[in-house]
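Asker: Give me a model of this one.
(one chain, ligands or ions: 1)
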Amino acid sequence: MTVTASFSQVPTLTEREQARLLERTRRSGEYYERARRVMPGGVPSSFQRNDPWPIYIERGTGAQVWDVDGNEYLDFHNGFGVMCVGHANPQISAAVKARMDQGSHFAAPTEGSIIVAEELRRRWGIPHWRFTNSGTESTMDAVHLARGFTGRDVIIKIEGTYHGHHDAVMVSVKPPADQMGDREHPNSIPYGLGYAPGTTEATRVVPFNDAEAAERALSGLEGQVAGLILEPAMMNINIVPPVAGYLERLRELTTAHGVPLIFDEVKTGAAVAAGGATELFGVTPDLVCLAKAICGGLPGGAIGMSDELAALVESGAVRQQGTFNGNPLVMAAAEATLLEVLTPDAYTRLHGLNERLMEGCERIIGEYGLPAHTVGLGSKGCVTFSSEPIREYRDYCTKIHHELSDLAWLYHMNQGIFMTPGQDEEWTLSVAHTDEHLASYLEAFELFARDVTR
Ligand SMILES: Cc1ncc(COP(=O)(O)O)c(C=O)c1O
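Answerer: Have a look, this model is predicted:
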């Protein structure tokens, strides 16, 4: 890429900042040595890995977190977008503690699940809801429902998206460029090992933001497609919003082909608007999958469905179940999150903060001539290191200056701005963030911009 030539000092700066980060996080290094003896990679989930070691966190409050070395950070990572309520939020804590004192688990329904389901119906305008324990379970149940409803096998997903780690969607998540095939006929590439023969082939991929490609796939596989699943805005290759008319066209096409449309709103749900991307873009799917931000930091998820799909759950034809589904502690946290913390005023404030953070980044990008631009939705935003807009995964592979992304992450971490490890993510703001916190973020970003363009 041409931009690489004009940023020739990136390797030196990266080496320097990497050394600084290691020096600041020696204790995390010791934890890592201990942890890796009992947990592969020294982490509970592979997403928490980082090279050469992850930063182990001790505690958090409001918009701040502290690592085990005692470093203080402003948290823009926010638990992969879960913590829109802020850490140790007093309203969530009070609700969960009160529920704890009344018993934390019965595997029988409590009123909390009714209240949360009613609120989700109000926010999404989707009539029926069930609960899960994670985003993975939500999208897994959506796939079961779509297959059960249609009696068909094939799932169409978007190339380069992650929908959790169950078999049907662990396909072409981050396909290597030399294996993905041509854009018109992308290969289905398994994401890791461990899937039974035929599993990967039952999932076909199409590029994001290309309704004609989706139409070709639906027509070419007429009578075989059980469901089309997508994030209405892609959120794992930075943020890629849908182009005008794309979601509307997918809605028309899936209806015409009798294929349930599944929105994976695990990341967007309750974070980009009260009713998630469904509200933001004004297109209603047949199934919506939620998790992350809706439960205020406790592990839970939900799945919303149309009348026809709910009938399959009601009759028991499709099994939607789980010991911890609708767990009272999780429901108490979700109720406080949705009814007390993420209020209409909170969304107005979050959106304002996000706009101002993006404006600040744009000013710095312009001033220093960085090959970058900002993208944001609701409480989430990112700096995408590409001069051109990114419309789909293949753009992300070829147009993003990945070394600059990595270096910006190091600068942020060394300046006390906690960000998602890796270059694929975005920031998430919480109700505890203030304009002062944004100023600190921008200061770190400007230092990076100054050094890298010097
Ligand atoms: C869009 C999307 N869907 C599903 C999932 C899976 O959620 P979980 O990690 O809670 O299983 C994720 C996780 O990051 C995600 O980003």
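Asker: same for the longest helix anywhere in the chain, what does it pack against?
Answerer: In the chain, with assignment by DSSP state H, the single longest helix is helix 344-368. Contacts defined by 3 or more CB pairs under 8 Å, 6 or more residues apart in numbering; DSSP states H and E place helix 344-368 against strand 373-377, strand 380-384, helix 435-453. Using the backbone N, CA and C atoms, a C-beta is placed for each residue, glycine as well.
Asker: Who are the packing partners of the longest one?
Answerer: In terms of contact count using 3+ CB pairs under 8 Å, 6+ apart, helix 435-453 is assigned the packing partners helix 10-24, strand 72-75, helix 344-368, helix 402-414, strand 417-418.
Asker: just to revisit the earlier point, quick check: which of the helices and strands packed on helix 344-368 is buried the most?
Answerer: strand 380-384 (a mean of 25; mean count of other CB atoms under 10 Å).
Asker: Within the sheet, what are the partner strands of it, with directions?
Answerer: On the basis of DSSP bridges, the sheet neighbours of strand 380-384 come out as strand 373-377 (antiparallel), strand 427-428 (antiparallel).
Asker: which residues sit against the next helix or strand after it?
Answerer: Heading C-terminal from strand 380-384, the first helix or strand you meet, by DSSP states H and E, is helix 393-399. Identification of contacts with helix 393-399 by CB atoms under 8 Å, 6 or more residues apart in numbering yields 1, 158-161, 175, 177, 180, 183, 207-208, 234, 237-238, 240, 386, 388-390.
Asker: filter those residues to the buried ones?
Answerer: 158-161, 175, 180, 207-208, 234, 237-238, 240, 386, 390 (16 or more other CB atoms under 10 Å).
Asker: before we move on, the earlier item: what angle separates the longest helix of the chain from strand 380-384?
Answerer: In terms of direction (axes from the mean of the first three to the mean of the last three CA atoms, to 10 degrees), helix 344-368 departs from strand 380-384 by 10 degrees.
Asker: Show me how far helix 344-368 is from its chain's centre.
Answerer: With CA atoms, centre = their mean, to the nearest Å as the basis, helix 344-368 stands 19 Å off its chain's centre.
Asker: do stretch 401-415 as well
Answerer: Distance of stretch 401-415 from its chain centroid, counting by CA atoms, centre = their mean, is 20 Å.
Asker: go on, stretch 178-197?
Answerer: Distance of stretch 178-197 from the chain centroid (CA atoms, centre = their mean) equals 22 Å.
Asker: what's the answer for stretch 203-216, then?
Answerer: 21 Å.
Asker: ditto for stretch 153-161
Answerer: 17 Å.
Asker: With only the CA atoms kept, save that stretch in PDB.
Answerer: Extracted in PDB, the C-alpha atoms of stretch 153-161 (Å, rounded to 0.1, in the frame of the first residue of the first chain):
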ATOM      1  CA  ASP A 153     -30.600 -26.800   5.800                       C
ATOM      2  CA  VAL A 154     -28.500 -24.000   4.300                       C
ATOM      3  CA  ILE A 155     -27.700 -20.900   6.300                       C
ATOM      4  CA  ILE A 156     -26.400 -17.800   4.400                       C
ATOM      5  CA  LYS A 157     -24.100 -15.600   6.300                       C
ATOM      6  CA  ILE A 158     -21.900 -12.600   5.500                       C
ATOM      7  CA  GLU A 159     -18.200 -13.200   4.700                       C
ATOM      8  CA  GLY A 160     -16.000 -12.000   7.600                       C
ATOM      9  CA  THR A 161     -18.700 -11.900  10.400                       C
END
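Asker: per-residue confidence averaged over that stretch?
Answerer: If you average the pLDDT over stretch 153-161, you get 98.
Asker: Show me which residues of the stretch 201-350 of the chain are close to the ligand?
Answerer: Counting by CB under 6 Å from any ligand atom, the stretch 201-350 of the chain comes close to the ligand at Glu231, Met235, Asn236, Asp264, Val266, Lys267, Ala291.
Asker: Number of residues surrounding the second one?
Answerer: By the other CB atoms under 10 Å criterion, the neighbourhood of Met235 contains 29 residues.
Asker: next one: the first one
Answerer: The burial metric for Glu231, expressed as a neighbour count using other CB under 10 Å, is 24.
Asker: Check Tyr393 too.
Answerer: Tyr393 has 27 nearby residues by other CB under 10 Å.
Asker: Likewise for Ala98?
Answerer: 11.
Asker: any idea what the residue of the stretch 201-350 of the chain found nearest the ligand is structurally, helix, strand or coil?
Answerer: Nearest to the ligand in the stretch 201-350 of the chain, going by CB to the nearest ligand atom, is Val266, at a distance of 3.5 Å. Applying DSSP: H, G, I helix; E, B strand; the rest coil to Val266 yields a three-state assignment of coil.
Asker: Quick check: phi and psi at it.
Answerer: phi -60, psi -40 (degrees, to the nearest 10).
Asker: Who are the contact partners of the closest residue to the ligand within the stretch 51-200 of the chain?
Answerer: Here the stretch 51-200 of the chain gets closest to the ligand at one residue, Gly135, 2.2 Å apart by CB to the nearest ligand atom. Counting by CB under 8 Å, 6+ apart, Gly135 makes contact with His163, Gly164, Asp264, Val266, Cys289, Leu290, Ala291, Lys292, Gly301.
Asker: Please apply the same query to Gly192.
Answerer: If you count contacts by CB under 8 Å, 6+ apart, Gly192 has them with Met170.
Asker: Secondary structure element holding Ile155?
Answerer: strand 154-158.
Asker: wait, which of the helices and strands packed on helix 344-368 is closest to the ligand?
Answerer: strand 380-384 (11.5 Å).
Asker: quick one: the closest one to helix 435-453, angle?
Answerer: 10 degrees.
Asker: Residue ranges in this structure under the pLDDT threshold?
Answerer: Along the chain, the parts satisfying pLDDT under 70 run over 1-5, 421-423.
Asker: can you give me the strands in it?
Answerer: Ranges of strands in the chain, per DSSP state E, are 57-61, 64-67, 72-75, 128-132, 154-158, 203-206, 225-230, 261-264, 287-290, 301-305, 373-377, 380-384, 417-418, 427-428.
Asker: Could I get those in JSON lines, plus columns for distance to Ala88?
Answerer: What follows is the strands of the chain, written out as JSON lines (distance: least, CB to CB, whole Å):
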{"stretch": "strand 57-61", "distance to Ala88": "5"}
{"stretch": "strand 64-67", "distance to Ala88": "10"}
{"stretch": "strand 72-75", "distance to Ala88": "12"}
{"stretch": "strand 128-132", "distance to Ala88": "24"}
{"stretch": "strand 154-158", "distance to Ala88": "36"}
{"stretch": "strand 203-206", "distance to Ala88": "40"}
{"stretch": "strand 225-230", "distance to Ala88": "34"}
{"stretch": "strand 261-264", "distance to Ala88": "29"}
{"stretch": "strand 287-290", "distance to Ala88": "23"}
{"stretch": "strand 301-305", "distance to Ala88": "22"}
{"stretch": "strand 373-377", "distance to Ala88": "26"}
{"stretch": "strand 380-384", "distance to Ala88": "21"}
{"stretch": "strand 417-418", "distance to Ala88": "15"}
{"stretch": "strand 427-428", "distance to Ala88": "17"}
